[in-house]
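Asks: here are the coordinates; sequence isn't available:
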């Protein structure tokens, strides 16, 4: 199971993405909106593989909603196979798109 949770920090967003058997912090991404484009600064912890995925998620959020976002978290399953990792990535995108849809609805209201 993968969870994406949002916390509003003023006008900015903080998104926590966790899942698997050992949720943790494996990467942190800051994506800022300058009025024209998104800018990314990121850091992945050693031996963690979430950073690339989290950069994609943060850029999509930032460019869609035209706002700053910090995205962090970690997803882990012991002895994960390639298939396990693909499933977790797919579940992450599903959970993230649901969060985006819910956020879009709250903006429209």
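Replies: Okay, I see it. As the structure is a computational prediction, the values presented were derived from the model and not from experiment.

Asks: for the top helix by length along the chain, packing partners?
Replies: If each helix of the chain is counted by residues according to DSSP state H, the longest one is helix 82-108. In terms of contacts (3 or more C-beta pairs under 8 Å, 6 or more residues apart in numbering; DSSP states H and E), helix 82-108 is packed against strand 2-9, strand 12-20, helix 51-65. Any C-beta I mention is one placed from the backbone N, CA and C, and that applies to glycine too.

Asks: So for that helix, what gets flagged as buried?
Replies: Buried residues in helix 82-108, counted by 16 or more other C-beta atoms under 10 Å: 88, 91-93, 95-96, 99-100, 103.

Asks: same thing with stretch 34-49?
Replies: 38, 42, 44, 49.

Asks: Please apply the same query to stretch 17-25.
Replies: Across stretch 17-25, burial judged by 16+ other C-beta under 10 Å covers 17-20, 23.

Asks: which two in the residues you listed are spaced the farthest apart?
Replies: 17 and 20 (10.9 Å; C-beta to C-beta).

Asks: Please enumerate the shared neighbours of these two.
Replies: Common contacts of residue 17 and residue 20, defined by C-beta atoms under 8 Å, 6 or more residues apart in numbering, comprise 2, 75.

Asks: Rounded mean pLDDT for stretch 52-66, please.
Replies: On average, the pLDDT along stretch 52-66 is 97.

Asks: Can you pull out the residues in contact with that stretch?
Replies: Here stretch 52-66 has contacts from 13, 15, 17, 27-33, 35, 37-38, 40, 42, 68-73, 89, 92, 96, 100, 103, 107, using C-beta under 8 Å, 6+ apart.
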